[in-house]
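K.L.:
sequence and predicted model, in that order:
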Amino acid sequence: VQDWSELIEGHRWWQEDPGGRSFLPRSTDGRWAWYRQSQKGKMLINFFREVEGRSLDQPSFTSWALCPSSMDSFAAVLGDPVGPSFSSAEHWSFFRSQRTAMVSIKISEAEFSDEVMEFLRSIGLKWAAVTSPLKKPVYSWVPELTEKASVLEAVNTLLLGDKGWSGTNTDVLGFADIARQVSSTPVAVWGGGGTRRMMQKVLPEASFLSARQGELIMGPPLPSSGPKTLI
């Protein structure tokens, strides 16, 4: 299964005869493992792997065992890459207590669309943490925004309610705790991406540098000598 359109097509094929078919998508990087987890207890057959295994889309035994059967809804972290995100590990126990799961779904900025989000909603996605590079695309897409998301022009949290999707941004709350530990030396932020506006709000005197060239993007120039704090 090469892309989202093929995944959606395969899912619809399975739905035509769920009592006689199973759909187990495979990829080169294991990006569809979340789909297999979300469909636990719904497919006639499914597999997990005890060790590394050949099919990266087969969930590990641990993730399979921790995932409730026949979930009506689930949570996810959305972005690309999603591997470095701690969201699934951090929130897994909470969602498990609600008899659902938190999975990691790889969606690039080019792949993000109404069709993909409607598909995810149709198979049970109700809560999502949003990571790079989707914070700004989701901000432009979601119909309802909180004041924090509007000010920062970025969304890192999605919730599906009775009226549809709504988005907010909790980055300021978390980053403010980190910023309290920053010393009084000049601060340089390397990169930032979708969180740059938020960090500039918390650290208005910081210098922001390009992640690739290290050149100054915004803020005051860094002093040539003396101690500095790099974020």
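P.N.:
In hand now; what should we look at?
K.L.:
who are the packing partners of the longest helix anywhere in the chain?
P.N.:
The single longest helix within the chain, with elements called by DSSP state H, is helix 4-16. In terms of contacts (3 or more C-beta pairs under 8 Å, 6 or more residues apart in numbering; DSSP states H and E), helix 4-16 is packed against helix 114-122. Bear in mind the C-beta positions are built from the backbone N, C-alpha and C, glycine included.
K.L.:
next structured bit after the helix it packs on?
P.N.:
strand 125-130 (DSSP states H and E).
K.L.:
who touches the worst-scoring helix or strand of the chain on mean pLDDT?
P.N.:
Least confident helix or strand of the chain, by mean pLDDT, DSSP states H and E, is strand 229-230 with a mean of 74. Strand 229-230 has contacts (C-beta atoms under 8 Å, 6 or more residues apart in numbering) with Val182, Ser183, Thr185, Pro186, Val187, Ala188, Val189, Trp190.
K.L.:
among those residues, which two are most distant?
P.N.:
Ser183 and Trp190 (16.6 Å; C-beta to C-beta).
K.L.:
neighbour count winner among the two?
P.N.:
With neighbours defined as other C-beta atoms under 10 Å, Ser183 and Trp190 compare such that Trp190 has more, 12 against 9.
K.L.:
so which strand or helix has Leu173?
P.N.:
helix 171-179.
K.L.:
same deal with Leu222?
P.N.:
With DSSP H and E as criterion, Leu222 is part of no helix or strand.
K.L.:
nearest residue to it other than its sequence neighbours?
P.N.:
Ser207 (5.1 Å; C-beta to C-beta, 6 or more residues apart in numbering).
K.L.:
for the one you found, list each beta-bridge partner.
P.N.:
Counting by DSSP bridges, Ser207 is bridged to Ala188.
K.L.:
from Leu152, how far off is it?
P.N.:
20 Å (C-beta to C-beta, to the nearest Å).
K.L.:
okay, those two: which has more neighbours?
P.N.:
A count of neighbours by other C-beta under 10 Å puts Leu152 above the other of Ser207 and Leu152, at 26 against 20.
K.L.:
how much space separates the closest residue in space to Lys201 that isn't next to it in sequence from Thr157?
P.N.:
Leaving aside its sequence neighbours, Lys201 sits nearest to Val172 (C-beta to C-beta, 6+ apart; 6.6 Å). Val172 sits at a distance of 12 Å from Thr157 (criterion: C-beta to C-beta).
K.L.:
and for Leu203?
P.N.:
Going from Leu203 to Thr157 by C-beta to C-beta gives 22 Å.
K.L.:
how about Pro204?
P.N.:
Taking C-beta to C-beta, one finds Pro204 at 24 Å from Thr157.
K.L.:
ranges for the strands of the chain?
P.N.:
For the chain, the strands defined by DSSP state E cover 74-79, 102-106, 125-130, 144-145, 157-161, 164-168, 187-190, 207-209, 216-218, 229-230.
K.L.:
now the ones you listed in TSV, with distance to Lys42?
P.N.:
Below are these laid out as TSV (distance: least, C-beta to C-beta, whole Å):
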stretch	distance to Lys42
strand 74-79	12
strand 102-106	15
strand 125-130	15
strand 144-145	30
strand 157-161	20
strand 164-168	24
strand 187-190	44
strand 207-209	46
strand 216-218	47
strand 229-230	48
